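*Asks:* Got a sequence here, can you build the structure:
(one chain, ligands or ions: 1)
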Amino acid sequence: MNLVIFGPPGAGKGTQSKFIVEKYNMYQLSTGEYLRNEILKNTEIGKKISAVINSGSLVSDEIVSDLIEKAIANNNYKNRIIFDGYPRNLNQAKNLDNLLKKYKQKIDIVLKLSVSLETIKKRISERRSLEKRPDDNEEIAIKRYKTYEKTTEPVIEYYKNLNLLKVIDGERQIDQINKEISEIIDFI
Ligand code: AMP
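*Replies:* As a prediction, this is how the structure comes out:
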């Protein structure tokens, strides 16, 4: 099983992914984490993308596609990937389908965590003091939310039409969300 976890920044994608990884022995492919790592390691890619990430915009499709293809091609992760933060636009959604097809895999389910902007602002300000991400200040967080609404949210229609979408109320307690996700995965 491969799954996509979808939702605005601060919706709890990372938290829920970690829970799924432990319970179902899956591999979390967080493109945001991959990209932040490139910046920390000061690689060529890292140098190119740090200003983009810190402004709240999206990195180019090509850079992110190369990163995810490496994970999809890795036999250790075959059919056990959680795509966290990918796809972020329609082009990426189609690219993901093509890449998975190339490696004889598919997406089994798309979980969308639905959360209001008010909750997001609160969560991001809490996360800022814990993780110290430069793109977690309020102004950039709002920009990231707007990017999500404009570019990422439309991808939901694509998955709805493929009958892969499950919408989850992400405003509830973490363990209630865990429970609903487990029920959905156990049903597959
Ligand atoms: P995240 O940790 O998922 O919130 O991602 C942090 C930042 O990394 C985003 O605001 C983007 O700048 C960049 N990023 C992460 N995933 C993608 C993606 N799939 N496409 C383009 N940019 C991405």
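*Asks:* Excluding chain neighbours, what is closest to Leu117?
*Replies:* Spatially, and ignoring its direct neighbours in sequence, Leu117 is nearest to Tyr145 (6.0 Å; Cβ to Cβ, 6 or more residues apart in numbering). (C-beta placed from N, C-alpha, C; glycine too.)
*Asks:* Return the backbone torsion pair for that neighbour.
*Replies:* Backbone torsions for Tyr145, taken as degrees, to the nearest 10, come to phi -60, psi -40.
*Asks:* what residues does stretch 27-41 touch?
*Replies:* For stretch 27-41, contacts defined as Cβ atoms under 8 Å, 6 or more residues apart in numbering pick out 13-14, 17-18, 20-21, 45-46, 49-50, 53, 59, 63-64, 67-68, 71, 76-77, 80-86, 88, 133.
*Asks:* Stretch 118-128 too?
*Replies:* Residues outside stretch 118-128 that contact it (Cβ under 8 Å, 6+ apart): 8-12, 115, 133, 136-138, 141-142, 145, 170-171.
*Asks:* Spell out whether the least confident helix or strand in the chain by mean pLDDT and the ligand are in contact.
*Replies:* When the helices and strands of the chain are scored by mean pLDDT, DSSP states H and E, helix 117-131 comes last with a mean of 86. No. Using Cβ under 6 Å from any ligand atom, helix 117-131 stays clear of the ligand, coming no nearer than 9.8 Å.
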